[in-house]
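>>> what would the 3D arrangement of this be:
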Amino acid sequence: MMAQSAGFKTIALLSCFLALAACSKKNTPDLDPDGLSGGVGNAPPGSRADFDTNIGNVVYFLVDQSTLTPEGRDTLSRQAQWLQQYGNVAIQVEGHADERGTREYNISLSARRATASRNFLISQGVDGGRVSSIAYGKERPAELCDAEECWSKNRRTVTVITGGTN
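Prediction:
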């Protein structure tokens, strides 16, 4: 009787595991052969939506830093590959900071962040003439609250397509 009970528990556990595994499988279309674009939803390859959704347009920074994190370099590498694939696209890198610090300091910090992102893209082969940058400091927060959960989302650069998409 105990062996049967253990057998039923094992079967029940395996059934739950298989059900969870089936639910967790994402139903997303295949990406292009290079894995760069056209993979999610109705975003046409080479479009702003393709860039923002499939490549990623935001790079986050640590407190009081303009040094790129490994995750930031990964995002910018994907952006560079996409920009090389779509050579007619022009972009602007927007630098941002959280609300702490003076306006002047945050403008300077966000300029350094935008420059770091821009320089990385250029180092990856993107023509510098296609990449401009601007510093917004703390003037355009992504999140509003007086806590790290918001501040961390405001320490960023955002790559915005300014022209050349379909």
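>>> Gly87: how many residues sit nearby?
By the measure other CB atoms under 10 Å, the count of residues near Gly87 is 10. Yep, even glycine has a C-beta here, placed from its N, CA and C like the rest.
>>> where does it land on pLDDT?
Gly87 is assigned a pLDDT of 93 by the prediction.
>>> same check on Ala147?
Ala147 carries a pLDDT value of 82.
>>> how near is the spatially most central residue of the chain to Asp74?
Geometric centre of the chain, nearest residue: Gly56, 3.4 Å, by CA atoms, centre = their mean. Noted for Gly56: a distance of 9 Å to Asp74, by CB to CB, to the nearest Å.
>>> and Ala111, by the same measure?
Going from Ala111 to Asp74 by CB to CB gives 23 Å.
>>> more neighbours: these two, which one.
Set Ala111 next to Asp74 and count neighbours by other CB under 10 Å: Ala111 wins out with 18 against 13.
>>> quick check: that one touching Ala135?
Yes - using CB atoms under 8 Å, Ala111 makes contact with Ala135 at a distance of 3.7 Å.
>>> what is in contact with those two at once?
When contacts are counted by CB atoms under 8 Å, 6 or more residues apart in numbering, the set common to Ala111 and Ala135 consists of Gly95.
>>> buried set for stretch 150-161?
Buried residues in stretch 150-161, defined by neighbour count with 16 or more other CB atoms under 10 Å: Trp151, Ser152, Lys153, Asn154, Arg155, Arg156, Thr157, Val158, Thr159, Val160, Ile161.
>>> looking at those, which one is closest to Ser117?
Distance to Ser117, by CB to CB, is smallest for Thr157 among the buried residues of stretch 150-161, at 4.3 Å.
>>> my read: Gln84 touches Val126, true?
Yes - counting by CB under 8 Å, Gln84 does reach Val126; the two are 6.8 Å apart.
>>> of these two, who's got more company?
Counting neighbours by other CB under 10 Å for Gln84 and for Val126 shows that Val126 has the greater number, 22 against 15.
>>> quick one: residues contacting the more buried one.
Val126 neighbours (CB under 8 Å, 6+ apart): Ala80, Leu83, Gln84.
>>> what's the answer for Thr159, then?
By CB under 8 Å, 6+ apart, the contact set of Thr159 is Phe51, Asn57, Val58, Val59, Gln79, Ile91, Gln92, Val93, Glu94, Ser117.
>>> among those, which ones are in strands?
Within the contacts of Thr159, residues falling in strands by DSSP state E are Val58, Val59, Ile91, Gln92, Val93, Glu94.
>>> what's the pLDDT at the fifth one?
So that's Val93. Per-residue pLDDT puts Val93 at 98.
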